[in-house]
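sequence and predicted structure are below.
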Amino acid sequence: MSKFEQPVDPQELEEAARMFKALSNPHRLRIFKELSSCLAGKVINEPPEDIQNCQRNFAEHLGLAPSTVSHHFKELRNAGLIHMKREGKNVLFWVDEKAAKALQSLLAL
């Protein structure tokens with residue numbers, strides 16, 4: 001069976017399209033890449049204590065307004081690419097491991 005004859009799950013393609021659409025914005029792609037690099041080689045089931053990337057810090061880092069960064073994080077969350085957890089004034093963000101693996105497998109054609 002060739003690659004083209006393998007069945008394709010339409011729901012899997014819809015999820016991938018939603019993720020790629022969210023990542024089509026350069027700022028969101030950079031946020032996702034930076035969060036992903038923090039997790040390289042680690043298995044993460046809960047937000048790690050040492051990764052406290054709040055929206056304010058990303059806004060300063062990217063040179064964007066905090067409201068703009070907030071919107072980018074919302075889009076990444078809606079696409080299922082990242083998770084967030086509030087801890088007092090801080091907000092923890094981390095990459096969804098399943099989403100990262102799905103993207104990686106799609107890109108490894």
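In hand now; what should we look at?

my guess is residue 19 meets residue 78, correct?
No. Counting by Cβ atoms under 8 Å, residue 19 stays clear of residue 78, with 10.3 Å between them. (Glycine included, C-beta is placed from N, CA and C.)

go ahead and flag the most central residue of the protein.
residue 81 (3.4 Å; Cα atoms, centre = their mean).

quick one: contacts for that one?
If you count contacts by Cβ atoms under 8 Å, 6 or more residues apart in numbering, residue 81 has them with 19, 22-23, 32, 95-96, 99-100.

returning to that earlier point: neighbour count winner among residue 19 and residue 78?
Legend: neighbour count by other Cβ atoms under 10 Å for residue 19 and residue 78, higher for residue 19 (21 against 11).

where's that one, which helix or strand?
Here residue 19 is covered by helix 10-23, with elements defined by DSSP states H and E.

what about the strands in the protein?
Using DSSP state E, the strands of the chain run over 82-87, 90-95.

can I get the ones you listed in JSON lines with mean neighbour count?
What follows is the strands of the chain, written out as JSON lines (neighbours: other Cβ atoms under 10 Å):
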{"stretch": "strand 82-87", "mean neighbour count": "15"}
{"stretch": "strand 90-95", "mean neighbour count": "19"}
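
shaky segments in the protein?
Along the chain, the model assigns pLDDT under 70 to residues 1-8, 38-54, 108-109.

change it to 90
The chain contains residues with pLDDT under 90 at 1-16, 33-62, 66-67, 69-70, 84-95, 97-109.

can you map out the helices along it?
10-23, 26-38, 55-62, 66-78, 97-107 (DSSP state H).

against which helices or strands is the longest one packed?
In this case it means helix 10-23. On a contact count with 3 or more Cβ pairs under 8 Å, 6 or more residues apart in numbering; DSSP states H and E, helix 10-23 meets helix 26-38, helix 66-78, helix 97-107.

quick one: closest of the strands of the chain to residue 66.
Judged by Cβ to Cβ, the one of these that comes nearest to residue 66 is strand 90-95, at 11.3 Å.

return the alpha-carbon coordinates of the closest one using CSV.
Output of strand 90-95 as CSV, limited to C-alpha atoms (Å, rounded to 0.1, in the frame of the first residue of the first chain):
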residue,chain,number,x,y,z
ASN,A,90,1.1,34.4,37.7
VAL,A,91,-0.2,32.4,34.8
LEU,A,92,1.6,29.2,33.8
PHE,A,93,1.5,28.1,30.2
TRP,A,94,2.7,24.8,28.8
VAL,A,95,2.5,23.0,25.5
